[in-house]
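Trainee: got a sequence here, can you build the structure:
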Amino acid sequence: MTVQDLDAADRRILDALQSDGKLSNSEIAERTGMSTSPCWRRTRRLEDNGFIQGYRATIDRNRLGLGVLVFVLVQIDTHSEAEAAAFEKAVASFPQVVSCFSVGGGADFLLQVVCRNLDEYAEFSMTQIRRLPGIKAMSSNFVLKEIKPFEGWPVSAS
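Mentor: Residues are numbered from 1 along each chain as shown. Reported below is the predicted structural model:
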């Protein structure tokens, strides 16, 4: 199943679940204008085909005491496969790194990091990230205001 196979009903299901993953099948059916059995079958098919990869709660990081959000641009010395893989494995083990992307342009990786405060971030960045082998340069960009946090993918635009 590919994105071209998605019809309007599939997209309505994806939109509904993306906005509220706790919806029951009957609630999804009601919101999408379907009866419950076809809705259930379509939802299972979307799960089986990897469009729906799981269900989780959206948690307020500030309520958890994670007041500092930082985007970190990292350049590595060489672009060998082994060095990139070692970097990826290391950052994947840090709970402070909530997402990591391999990027093109001026940096090699973009990390999204959360910490309780600036002192904690300074400690983490200097003792963990900076000490990873192969780091050529690192730039920290501190979030001052979260204007539009990630809330889901634009299902109807695909």
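Trainee: quick check: buried residues in stretch 69-77?
Mentor: Using 16 or more other C-beta atoms under 10 Å as the test for burial, stretch 69-77 gives 69-70, 72-74, 76. C-beta here means a position set from N, CA and C on the backbone, and glycine is covered the same way.
Trainee: how much space between the residue lying farthest from the centre of the chain and D15?
Mentor: Largest separation from the mean C-alpha position in the chain: S35, at 32.1 Å (C-alpha atoms, centre = their mean). S35 is 18 Å from D15, where distance means C-beta to C-beta, to the nearest Å.
Trainee: swap in L132?
Mentor: With C-beta to C-beta as the criterion, L132 and D15 are 39 Å apart.
Trainee: hey, which helix or strand in this protein has the poorest pLDDT?
Mentor: In the chain, the helix or strand scored least confidently by mean pLDDT, DSSP states H and E is helix 81-92, which has a mean of 90.
Trainee: quick one: residues in contact with that helix.
Mentor: Helix 81-92 is contacted by residues 74, 76-77, 97, 100, 102, 108-109, 111, 129, 132-134 when judged by C-beta atoms under 8 Å, 6 or more residues apart in numbering.
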